[in-house]
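[1] Sequence below, structure please.
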Amino acid sequence: MITLGMKDENDFLISAALDGENYKLHFSWNDEGFWLMDIRNNAGEDIVRGIKVVPNFPLFNHHRRVMGAMPPGEIIAAVVNQSATKNQTIGRNDFISSEFSLIYIPESEVNAILETTV
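    So this is what the prediction gives:
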């Protein structure tokens with residue numbers, strides 16, 4: 001599991017090595033009050049745009065079915081502070097204040113999890 005560092009900015013780009021491939025993840029906070037994520041290849045070409053970042057849900061799952069160049073693992077915005085009462089939404093500062101962490105689960109770990117649930 002890899003924790004991805006978020007920035008205290010409304011719009012930013014991070015580079016991440018996910019399962020041995022380099023990707024660029026673009027995050028933007030919108031006026032409606034939620035984060036959006038775009039995934040780009042290392043050359044900066046869009047793979048998928050406009051993934052709404054929601055808590056405790058595999059963000060890549062649906063998009064992997066239609067986009068072949070997705071990272072093979074999974075990204076989840078995981079609740080860190082279980083005592084928080086508003087864990088159904090992710091606020092602008094919740095990654096910075098450690099209410100949530102954005103984590104990448106490599107393909108091998110996803111497969112291991114799936115094998116134990118069957």
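
[2] Give me the below-cutoff pLDDT ranges for this structure.
    Along the chain, segments meeting pLDDT under 70 span 65-68, 82-87, 118.

[3] Show me the strands in it, by range?
    Residue ranges of the strands in the chain, as given by DSSP state E, are 2-4, 11-18, 21-29, 35-41, 46-52, 74-79, 100-105.

[4] what's the angle between the fifth one and strand 21-29?
    The reference is to strand 46-52. Between the axis of strand 46-52 and that of strand 21-29 there is an angle of 40 degrees, by axes from the mean of the first three to the mean of the last three C-alpha atoms, to 10 degrees.

[5] Likewise for the last one?
    Between strand 100-105 and strand 21-29, the angle formed by their directions is 160 degrees, by the same axes, to 10 degrees.

[6] Now do Ser28 against Pro55, distance only.
    Distance of Ser28 to Pro55, given as C-beta to C-beta, to the nearest Å: 18 Å. No exception for glycine: its C-beta is placed from N, CA and C like everyone else's.

[7] I misspoke; the intended subject was Phe27.
    When C-beta to C-beta is the yardstick, Phe27 and Pro55 sit 15 Å from each other.

[8] of those two, who's got more company?
    Set side by side, Phe27 and Pro55 show unequal neighbour counts under other C-beta atoms under 10 Å, the larger going to Phe27 at 21 against 16.

[9] so that one bridges to which residues?
    The residues paired with Phe27 through beta bridges, assigned by DSSP bridges, are Phe12, Met37.

[10] Just to check, it is in contact with Met37?
    Yes. With contact defined as C-beta atoms under 8 Å, Phe27 counts as touching Met37 (5.5 Å).

[11] Excluding residues flanking it in the chain, which one is nearest Phe51?
    That one is not Phe; residue 51 is Ile. Met37 (4.6 Å; C-beta to C-beta, 6 or more residues apart in numbering).
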